[in-house]
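1. Just the structure for this:
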Amino acid sequence: MALLAVLAGFLAVSACASGDQSNWVPWFEGTDEEYVELKIEVVPEGAGSTYPEPGEYSGIKRGTVVTLQVAGVSSGYEFSHWEVNFVDYGSAPFKTLSLEGDAEVKAVFTRAAGGEEAGYLMVDIVFYDKPLEPPEGSVTLWELGVSMPLTPVQVTPNQWHGQAVFKGVRIGKTYTVVVNLENGVSGIYVNFWTVYNRASYMHWGFISCRRKLPEAPRSTFKPFEWPS
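-> Numbers count the residues shown, from 1 in each chain. You can find the predicted model right below:
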């Protein structure tokens, strides 16, 4: 199983920035008016891991906000979505849940894409203000639990990019792309990209002297509109 690091500082941001808003939940009413119970499980068992870890938790004060996180993905699987009390709670790998009653949470994984469902995604990183400096670091597709180093690629005599290629991505699926830059505007950046055909290309440009989250990359080809 490829474990994903628990990256402090952007969990709450990621849970909100994806646009994958919390859904309505049919709460289970317990016998205690002040405290609730929480059960977390992975489906199918062994397909991945979560944080908090799977198990049963009691004595939680009603109204407590819990951040649900996909912490690891087993080989051959990918994260699909969360279920809370048997209702779809969204596909983002980070979700916040305000416990207004007893809750049964399932992290649902599916077999990784294959055959006609599978394609590949190239993530292309560049520093717009320093074209001769190839970006260094790594890229993670969180739903797959796969990280790849940025490989320096000379695009023109005066321009270098950093690229990572992921095989076996699911066509039509939106992935959480986490870039860990080690030079230029070093830091961790989160974005979201839909694999729109078998060969998908995500270009993400940074200005290395500005320490702020760059604008989300935009695709000019959008044949799919998937519900969150």
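2. Can you give the domain ranges for this protein?
-> 2-111, 115-206 (automatic domain parsing).
3. and N23, how many neighbours does it have?
-> Using other Cβ atoms under 10 Å, N23 has 14 neighbouring residues. Using the backbone N, CA and C atoms, a C-beta is placed for each residue, glycine as well.
4. Also S98?
-> Neighbours of S98 (other Cβ under 10 Å): 12.
5. Under the pLDDT cut-off, which ranges of the chain? List them.
-> Low-confidence regions of the chain, defined by pLDDT under 70, span residues 1-22, 30-31, 209-228.
6. try it again with 90
-> Applying pLDDT under 90 to the chain flags the ranges 1-33, 114-116, 184, 196, 207-228.
7. Pull up the pairing partners for the lengthiest strand in it, direction included.
-> Longest strand in the chain by number of residues, with DSSP state E as the criterion: strand 159-170. With DSSP bridges as the test, strand 159-170 is paired with strand 118-127 (antiparallel), strand 151-156 (antiparallel).
8. which ones are touching the residue nearest in space to the middle of the chain?
-> Of all residues in the chain, the one closest to the mean position by Cα atoms, centre = their mean is T176, 3.3 Å from it. With contacts defined as Cβ atoms under 8 Å, 6 or more residues apart in numbering, the neighbours of T176 are 14, 18, 92-94, 141-143, 190-192.
9. Next: G55.
-> G55 sits next to 39-40 when contact means Cβ under 8 Å, 6+ apart.
10. Across the sheet, point out what pairs with it.
-> Where G55 sits in a bridge, its partners, by DSSP bridges, are I40.
11. gap between it and A103?
-> Using Cβ to Cβ, to the nearest Å, G55 is found at 13 Å from A103.
12. Overlap of the contact sets of these two?
-> With Cβ under 8 Å, 6+ apart as the test, G55 and A103 both reach K39.
13. which residue ranges form the helices in the protein?
-> With DSSP state H as the definition, the chain shows helices at residue ranges 11-17.
14. measure the residue nearest to the centre of the chain to F86 for me?
-> T176 is 24 Å from F86, by Cβ to Cβ.
15. now E100
-> 16 Å.
16. higher neighbour count, the two?
-> For E100 versus F86, neighbours defined as other Cβ under 10 Å are more numerous around E100 (13 against 9).
17. What about the nearest residue to that one once chain neighbours are set aside, how many residues nearby?
-> Excluding its sequence neighbours, the residue lying closest to E100 (Cβ to Cβ, 6 or more residues apart in numbering) is W27, at 5.3 Å. By other Cβ under 10 Å, 15 other residues sit near W27.
18. for stretch 190-205, the distance to its chain's centre please.
-> How far stretch 190-205 lies from its chain's middle: 13 Å, per Cα atoms, centre = their mean, to the nearest Å.
19. ugh, typo on my part, it should be stretch 173-193
-> 10 Å.
20. Endpoints of it, how far apart?
-> 8 Å (Cα to Cα, to the nearest Å).
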